[in-house]
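[1] Following is a predicted model, sequence given first.
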Amino acid sequence: MTACGLDFGTSNSALGVLRDGAPVLAPVEGHETLIPSAIFYDLEQWGRVIFGQEAISASIAQHDGRLMRALKTILGSPLIDEATAVGPRRIKLTSVIETFIRHLKGQGEAFLGEEITQVVHGRPVHFVDGDAAADSRAEATLEGIAKRAGFREVHFVYEPIAAAYHYEETARREELVLVADIGGGTSDFSVIRIGPERRGRPERGEDVLANRGTRIGGTDFDSALSLDAVMPLLGLGTQLVEKDLPMPKSLYFELATWAMINFTYTQHNARDVRELMAKSCEPEKVARLLRTITHRFGHAIAFAVEDAKIGLSDVPAAPIPLGFLEDGLAALATRDGFDVAIAAKTSALTMMARDCIADAGLKATDIDTVFFTGGSSRVPAVQQAIARAAPEATPTTGSDLLSVALGLTREAQRIFA
């Protein structure tokens with residue numbers, strides 16, 4: 001039987017296999033070893049399902065169909081039991097995730113030339129904050145999906161621990177490491193003792209000193225930036241003529257939330273927005289909201305915001321082009337404004353990192369290294385927030401988007417070999 005390590009992420013996914021006894025990443029989209037966690041049901045060619053960047057491109061090009069992304073965020077939420085409309089059919093969201101996992105498995109098998117029956121599946125420290133029963137249900141749901149996708153044996157490993165094992169491959173001395181895995185949907189922390197003399201041990205339980213996690217991630221940062229920079233152009237924060245009331249906020253929050261965007265495209269919402277536009281002090285802005293709903297521009301906005309967020313890691317300001325919504329329309333995102341918009345989230349990350357160190361029975365000064373992984377760990381405000389938890393530790397990074405998958409594959413070798 002053949003095993004793999006599977007990192008099913010909120011934003012991106014990867015799958016590693018063992019080839020000639022060594023962990024390697026399988027190409028999962030063309031020659032790429034990383035694939036956006038996106039799926040598009042094509043209604044122009046009924047029955048055609050598109051994955052990854054191709055799915056995103058089809059959606060941006062306004063092909064008739066249904067894009068779904070950030071599916072991992074619904075694990076542990078009531079939405080996981082829902083079905084979503086895809087043309088004339090309704091498809092269970094668990095089936096959507098299964099289709100994506102099955103696709104990854106198939107890509108790995110095509111690369112290896114044989115069936116993959118065992119998987120070490122990454123998981124966040126907490127799918128659900130503060131609810132152990134819901135967290136257990138989320139893992140059980142993901143295990144059931146993996147088995148329906150064709151895996152016969154499923155083993156779970158916390159994602160930050162997998163990242164630590166990947167980092168350990170290059171460690172030259174024993175270290176106490178705080179792993180900060182900041183992904184698309186969750187932020188996970190582990191304190192682990194690693195080193196050249198430890199990496200070959202069959203059991204590592206005593207080396208893992210503490211784990212913490214929370215449902216804060218890149219999609220939350222996207223949402224905050226969208227609400228701060230874009231949604232005011234669509235009427236958020238404006239007033240209604242009657243009684244000087246503010247525009248209702250719920251639809252803006254849904255449009256700014258990846259997992260909820262598809263649910264905004266309804267005739268009921270369009271009717272409500274038309275009524276609000278007639279009562280608005282700034283109807284031209286609300287008209288943009290109406291166009292967003294009726295023409296299904298929510299995902300295009302979200303991708304433009306995500307691009308600007310990524311850009312702000314390198315520059316102090318980045319445009320958010322919205323010409324698809326209105327000729328010449330654009331928002332401006334600034335790093336200072338972004339930092340303020342996510343301040344509550346980054347403060348929570350500082351506290352979570354400090355709590356994880358305390359759970360390990362350590363002081364901040366005991367931590368040798370902070371290892372950053374996950375795409376959202378690139379955000380400067382996030383790095384600064386976590387560094388405050390261990391200011392004397394050496395910050396380091398690996399393969400931001402692939403460390404977890406490589407670590408999971410190493411674990412697959414240990415567990416199933």
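    Here it is on my side, so go on. Numbering: from 1, shown residues only.
[2] shouldn't residue 121 be in contact with residue 142?
    Yes: under the criterion of Cβ atoms under 8 Å, residue 121 makes contact with residue 142 at 6.7 Å. Just so you know, the C-beta spots here come from the backbone N, C-alpha and C atoms, and that holds for glycine as well.
[3] Can you check which residues contact both of the two?
    Shared contacts of residue 121 and residue 142 (Cβ atoms under 8 Å, 6 or more residues apart in numbering): residue 8.
[4] Now for residue 350: which residues touch it?
    The contact partners of residue 350, taken as Cβ under 8 Å, 6+ apart, are 385, 386, 388, 389.
[5] Oh, that last question was meant for residue 75, not what I typed.
    By Cβ under 8 Å, 6+ apart, the residues touching residue 75 are 97, 127, 138, 141, 142.
[6] Next, count neighbours for the fourth one.
    Residue 141: 18 surrounding residues under other Cβ atoms under 10 Å.
[7] try the first one
    Using other Cβ under 10 Å, residue 97 has 25 other residues around it.
[8] How about the last one?
    Using other Cβ under 10 Å, residue 142 is surrounded by 24 other residues.
[9] before we move on, back to that, filter the contacts of residue 350 to the buried ones?
    Among those, the ones that count as buried by 16 or more other Cβ atoms under 10 Å are 385, 386, 388, 389.
[10] in the stretch 51-200 of the chain, which spans are helices?
    With DSSP state H, counting those that start in this stretch, the ranges of helices along the stretch 51-200 of the chain come out as 52-60, 93-112, 132-148, 159-168.
[11] Turn these into CSV, columns for mean pLDDT and distance to residue 276.
    Putting those into CSV (pLDDT from 0 to 100; distance: least, Cβ to Cβ, whole Å) gives the following:
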stretch, mean pLDDT, distance to residue 276
helix 52-60, 93, 27
helix 93-112, 96, 30
helix 132-148, 94, 35
helix 159-168, 92, 42
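[12] winner for burial among these?
    Mean neighbours per residue, mean count of other Cβ atoms under 10 Å, is largest over the helices of the stretch 51-200 of the chain for helix 159-168, with a mean of 28.
[13] tell me the SS of residue 319?
    Three-state call for residue 319 (DSSP: H, G, I helix; E, B strand; the rest coil): strand.
[14] which residue sits closest to it, ignoring its sequence neighbours?
    Of all residues not flanking residue 319 in the chain, residue 330 sits nearest, at 5.2 Å (Cβ to Cβ, 6 or more residues apart in numbering).
[15] What is the neighbour count of the one you found?
    Neighbours of residue 330 (other Cβ under 10 Å): 14.
[16] Could you verify my assumption that it touches residue 317?
    No: applying Cβ under 8 Å, one finds residue 330 not in contact with residue 317, separated by 11.7 Å.
[17] Dump the C-alpha coordinates for the lowest-mean-pLDDT helix or strand in the chain into PDB.
    Ranked by mean pLDDT, DSSP states H and E, the helix or strand of the chain with the weakest confidence is strand 83-86, at a mean of 82. Only the C-alpha atoms of strand 83-86 are listed here, as PDB (Å, rounded to 0.1, in the frame of the first residue of the first chain):
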ATOM      1  CA  ALA A  83     -26.300  21.900   0.100                       C
ATOM      2  CA  THR A  84     -25.700  24.600  -2.400                       C
ATOM      3  CA  ALA A  85     -27.400  25.300  -5.700                       C
ATOM      4  CA  VAL A  86     -25.300  24.500  -8.800                       C
END
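[18] still on that earlier bit, which among the contacts of residue 350 gets closest to residue 20?
    Set against residue 20, the nearest of those by Cβ to Cβ is residue 386 (37.0 Å).
[19] sec struct for the closest one, please.
    helix.
[20] For it, which residues are in contact?
    By Cβ under 8 Å, 6+ apart, the residues touching residue 386 are 178, 180, 182, 349, 350, 353, 370, 372.
[21] Run a quick neighbour tally on the first one.
    Read it as residue 178. Each residue near residue 178 was counted by other Cβ under 10 Å, and the total is 32.
[22] Of the contacts of residue 386, which is the nearest to residue 308?
    So of those, ranked by how close each gets to residue 308 (Cβ to Cβ), first place is residue 182, at 18.2 Å.
[23] so the closest one bridges to which residues?
    Counting by DSSP bridges, residue 182 forms beta bridges with residue 187.
[24] Can you say which two of the contacts of residue 386 are spatially most distant?
    Between any two of these, the greatest separation by Cβ to Cβ is 14.0 Å, found for 350 and 372.
[25] just the helices in the stretch 251-400 of the chain please.
    Using DSSP H, counting those that start in this stretch, helices in the stretch 251-400 of the chain cover 267-279, 283-294, 298-311, 335-341, 343-359, 380-387.
[26] Buried by neighbour count: which residues of the last one qualify?
    Counting neighbours by 16+ other Cβ under 10 Å, one finds that the buried residues in helix 380-387 are 381, 382, 383, 385, 386, 387.
[27] and the residues you listed as CSV, adding pLDDT?
    Shown next, in CSV, are these (pLDDT from 0 to 100):
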residue, pLDDT
381, 98
382, 98
383, 97
385, 98
386, 98
387, 97
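[28] Could you export those as a markdown table, including distance to residue 357?
    Formatted as a markdown table, the buried residues of helix 380-387 follow (distance: Cβ to Cβ, whole Å):
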| residue | distance to residue 357 |
| --- | --- |
| 381 | 20 |
| 382 | 17 |
| 383 | 17 |
| 385 | 14 |
| 386 | 11 |
| 387 | 13 |
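[29] any idea which of these is closest to residue 107?
    The closest of the buried residues of helix 380-387 to residue 107 turns out to be residue 382 (Cβ to Cβ; 30.5 Å).
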